[in-house]
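**Q** The sequence and its predicted three-dimensional model are supplied below.
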Amino acid sequence: ATALSAGMSGDYESAISHGATHIRVGSSILGSRTLAM
């Protein structure tokens, strides 16, 4: 693979240290979601 997506905004530092090339930052920008039940 030429890309490794392995992290989200809560663990981006760990993901980068493990070789992630893409990070999902949605919750850092948009805030957390409340799931409707």
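**A** Done, it's in.
**Q** From Arg24, how far off is Leu30?
**A** Distance, Leu30 to Arg24, by CB to CB, to the nearest Å: 11 Å. Yep, even glycine has a C-beta here, placed from its N, CA and C like the rest.
**Q** ok, now Met37?
**A** For Met37, the distance to Arg24 - CB to CB - is 24 Å.
**Q** between the two, who's got more neighbours?
**A** Between Met37 and Arg24, Arg24 has the larger neighbour count (other CB atoms under 10 Å), namely 15 against 3.
**Q** Bridged to that one, which residues?
**A** Arg24 has the following beta-bridge partners by DSSP bridges: Met8.
**Q** can you pull out the strands in this structure?
**A** Counting by DSSP state E, one finds strands in the chain at the ranges 5-8, 22-24.
**Q** Tyr12: neighbour count?
**A** By other CB under 10 Å, 16 other residues sit near Tyr12.
**Q** measure it to Ser27 for me?
**A** Distance of Tyr12 to Ser27, given as CB to CB: 11 Å.
**Q** go on, Asp11?
**A** Distance, Asp11 to Ser27, using CB to CB: 11 Å.
**Q** can you count the residues close to Ser14?
**A** 11.
**Q** And it, how far from Met37?
**A** Taking CB to CB, one finds Ser14 at 30 Å from Met37.
**Q** And the helices in the protein?
**A** 12-17, 26-30 (DSSP state H).
**Q** Can you list the buried residues in stretch 18-34?
**A** By neighbour count on 16 or more other CB atoms under 10 Å, the buried set for stretch 18-34 is Ala20, Ile23.
**Q** and it, how far apart are its ends?
**A** 30 Å (CA to CA, to the nearest Å).
**Q** tell me the mean pLDDT for stretch 19-26?
**A** Averaged across stretch 19-26, the pLDDT comes to 78.
**Q** Give me the distance between the two termini of it.
**A** Distance across stretch 19-26, first residue to last, is 20 Å (CA to CA).
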